[in-house]
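Peer 1: One predicted model, sequence on top.
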2 protein chains.
Amino acid sequence: LNRIKASGLKLRFCTNETQATREKFVKKLQGMGFDISVTEVTAPAPAACRILKERSLRPHLLVHNDLVPEFAEIDKANPNCVVIGDAAENFTYANLNEAFRVLIGMEKPVLISLGRGRYYKETDGLKLDVGAYMKALEYACDVQAEVVGKPAKAFFESALAEMGVPPQEAIMIGDDIVNDVGGAQRCGMRALQVRTGKYRPCDENHPHVKPDAYVNNLAEAVDIILQQL
Amino acid sequence: LNRIKASGLKLRFCTNETQATREKFVKKLQGMGFDISVTEVTAPAPAACRILKERSLRPHLLVHNDLVPEFAEIDKANPNCVVIGDAAENFTYANLNEAFRVLIGMEKPVLISLGRGRYYKETDGLKLDVGAYMKALEYACDVQAEVVGKPAKAFFESALAEMGVPPQEAIMIGDDIVNDVGGAQRCGMRALQVRTGKYRPCDENHPHVKPDAYVNNLAEAVDIILQQL
């Protein structure tokens, strides 16, 4: 990371984290020794806020308590859309019914989902991710959610816009074959898959997505990028 | 109802009720004055039990507490499938994650759903029905649920088998254009839609399903049927 920053290349961190504010997310990474600030982070909640403001949407929020501060400046009175994130313990029967009632009460229901993940692993086991609950509401209301966050094209485009870089001059480095590599490529960027984290050997036989190259770790990705300057 | 029974016609009650045992369901109808017994009822839970036995499936249950007695005779140790019903208050975050973990842990996940309803109305408002939670698990595990109950063809067929009547000699009377009328017709039966209960005027313009006739109430349906004997 330091070598990239020293090279003068523009850098942006794209995360699908929706269980916490960017502030909390950045603190965690700083604690692990990363040189990173909030202004360098592209995350679903602020991307959703931009959409809400542009379209004068007032959300009913079904999100994690720790994410609520990201929506502090958004008018939430008399909601005309539902925003769903990985609400975790907030995915109660009562809260799901409430979000559903808000949606079904609209003439044309608008559902914005902060990601479409199926599930993820925590120390106490696998958990259903926001995508599963999004599907439940989509089915009940016969609507299609607008997904904010990776792999949505608009999400990568806003990261590029924030850097002022066209897609063909940008490289994405990530461990997720669909959300990172697939999303970035669909946006016109090149994409490296690192063989760490979420990477699985079977990713290399993925039916639709093929990274521009594989690297064994982040340092190797940086080597390749700096060599080509 | 009494006129049909007096005529000697065979009769079967088909319900998608999965919040209570047939015993409880029948007691409620008897309390309303209906001449009905448990042996005359076709319901999703016993239909599911038949499937479980036939295929040596041991279910993990995500159902309403009041429905559990219907599965009393079924081996539930070391589950190799998940059965989901309208679990209502049992649709907790913890229970959904648990059902998901059982499913995703199988080599080939088997999900049996006691219906595919989107939502229903209770005195305190609209509630998400089993279909929404079925979709959440389908998406998370990348499986297709096997739906037991209306409008599944197999459900109507088992009602016919219980009466020993071929579909072309049977008539379905119901208020739900898709679950009752559509399901029965797909099974080769004729179907009357009553203009009560769930009936909505827009049903008469349904893009796919057209009942063989409309009636204003159950008595009118009986008139028509008895006239044609």
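Peer 2: Noted; the coordinates are in hand.
Peer 1: What ranges does chain A have for its strands?
Peer 2: Remark: strands assigned in chain A by DSSP state E are A:13-14, A:41-42, A:59-62, A:81-84, A:111-113, A:119-122, A:125-128, A:146-147, A:171-174, A:190-194, A:213-215.
Peer 1: Can you pull the residues of chain A lying near chain B?
Peer 2: Counting by CB under 8 Å from any CB of the partner chain, chain A comes close to chain B at A:88-89, A:91-93, A:96-97, A:100-101, A:104, A:118-119, A:125-129, A:131-133, A:135-142. Using the backbone N, CA and C atoms, a C-beta is placed for each residue, glycine as well.
Peer 1: picking that back up, ok, of the strands of chain A, where does mean pLDDT dip lowest?
Peer 2: Among the strands of chain A, strand A:119-122 has the lowest mean pLDDT, at a mean of 89.
Peer 1: quick one, domains of chain A?
Peer 2: According to the TED database, chain A comprises the domains A:1-9+A:164-228, A:44-147.
Peer 1: Now for residue A:118, how many residues are close by?
Peer 2: 18 (other CB atoms under 10 Å in any protein chain shown).
Peer 1: Next: residue A:193.
Peer 2: Applying other CB under 10 Å, we find 26 residues neighbouring residue A:193.
Peer 1: what about residue A:48, distance to chain B?
Peer 2: According to CB to the nearest CB, to the nearest Å, residue A:48 stands 21 Å off from chain B.
Peer 1: quick one, what contacts the spatially closest residue to residue A:26 that is not a sequence neighbour?
Peer 2: Spatially, and ignoring its direct neighbours in sequence, residue A:26 is nearest to residue A:38 (5.1 Å; CB to CB, 6 or more residues apart in numbering or on different chains). Counting by CB atoms under 8 Å, 6 or more residues apart in numbering or on different chains, residue A:38 makes contact with A:22-23, A:26.
Peer 1: ok, and the closest non-adjacent residue to residue A:206?
Peer 2: residue A:177 (5.2 Å).
Peer 1: Surely that neighbour and residue A:203 touch.
Peer 2: Yes - shown here, residue A:177 and residue A:203 form a contact pair, counting by CB atoms under 8 Å, at 4.2 Å.
Peer 1: Give me the common contacts of these two.
Peer 2: Jointly contacting residue A:177 and residue A:203 under the rule CB under 8 Å, 6+ apart are residue A:193.
Peer 1: Comparing those two, which shows the higher neighbour count?
Peer 2: Legend: neighbour count by other CB under 10 Å for residue A:177 and residue A:203, higher for residue A:177 (22 against 19).
Peer 1: quick one: the more buried one and chain B, what's the gap?
Peer 2: Taking CB to the nearest CB as the measure, residue A:177 falls 15 Å from chain B.
Peer 1: between the strands of chain A, which gets nearest to residue B:114?
Peer 2: Closest to residue B:114 of the strands of chain A, according to CB to CB: strand A:125-128, at 19.9 Å.
Peer 1: Which elements pack onto that closest one?
Peer 2: strand A:119-122, helix B:93-104 (3 or more CB pairs under 8 Å, 6 or more residues apart in numbering or on different chains; DSSP states H and E).
Peer 1: would TSV of the ones you listed with distance to residue A:218 be doable?
Peer 2: Formatted as TSV, those follow (distance: least, CB to CB, whole Å):
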stretch	distance to residue A:218
strand A:119-122	21
helix B:93-104	29
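Peer 1: so which of those is the most packed in?
Peer 2: Ranked by mean neighbour count, the helices and strands packed on strand A:125-128 are led by helix B:93-104 with a mean of 19 (mean count of other CB atoms under 10 Å in any protein chain shown).
Peer 1: Can I get that helix in CSV, CA atoms only?
Peer 2: Extracted C-alpha coordinates of helix B:93-104, given in CSV (Å, rounded to 0.1, in the frame of the first residue of the first chain):
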residue,chain,number,x,y,z
TYR,B,93,-32.6,-14.2,12.6
ALA,B,94,-31.2,-17.1,14.6
ASN,B,95,-33.7,-19.7,13.3
LEU,B,96,-33.2,-18.6,9.7
ASN,B,97,-29.5,-18.8,10.0
GLU,B,98,-29.8,-22.3,11.5
ALA,B,99,-32.1,-23.6,8.7
PHE,B,100,-29.6,-22.0,6.2
ARG,B,101,-26.6,-23.8,7.8
VAL,B,102,-28.4,-27.2,7.8
LEU,B,103,-29.2,-26.7,4.1
ILE,B,104,-25.8,-25.3,2.9
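Peer 1: returning to what we had before: now the strands of chain A as JSON lines including distance to residue B:163?
Peer 2: Listed next are these as JSON lines, based on distance: least, CB to CB, whole Å:
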{"stretch": "strand A:13-14", "distance to residue B:163": "61"}
{"stretch": "strand A:41-42", "distance to residue B:163": "62"}
{"stretch": "strand A:59-62", "distance to residue B:163": "46"}
{"stretch": "strand A:81-84", "distance to residue B:163": "45"}
{"stretch": "strand A:111-113", "distance to residue B:163": "44"}
{"stretch": "strand A:119-122", "distance to residue B:163": "44"}
{"stretch": "strand A:125-128", "distance to residue B:163": "41"}
{"stretch": "strand A:146-147", "distance to residue B:163": "48"}
{"stretch": "strand A:171-174", "distance to residue B:163": "59"}
{"stretch": "strand A:190-194", "distance to residue B:163": "59"}
{"stretch": "strand A:213-215", "distance to residue B:163": "63"}
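Peer 1: related to what we said a few turns ago, sitting in helices, which of the contacts of residue A:38 do you find?
Peer 2: If you go by DSSP state H, these have A:22-23, A:26 in helices.
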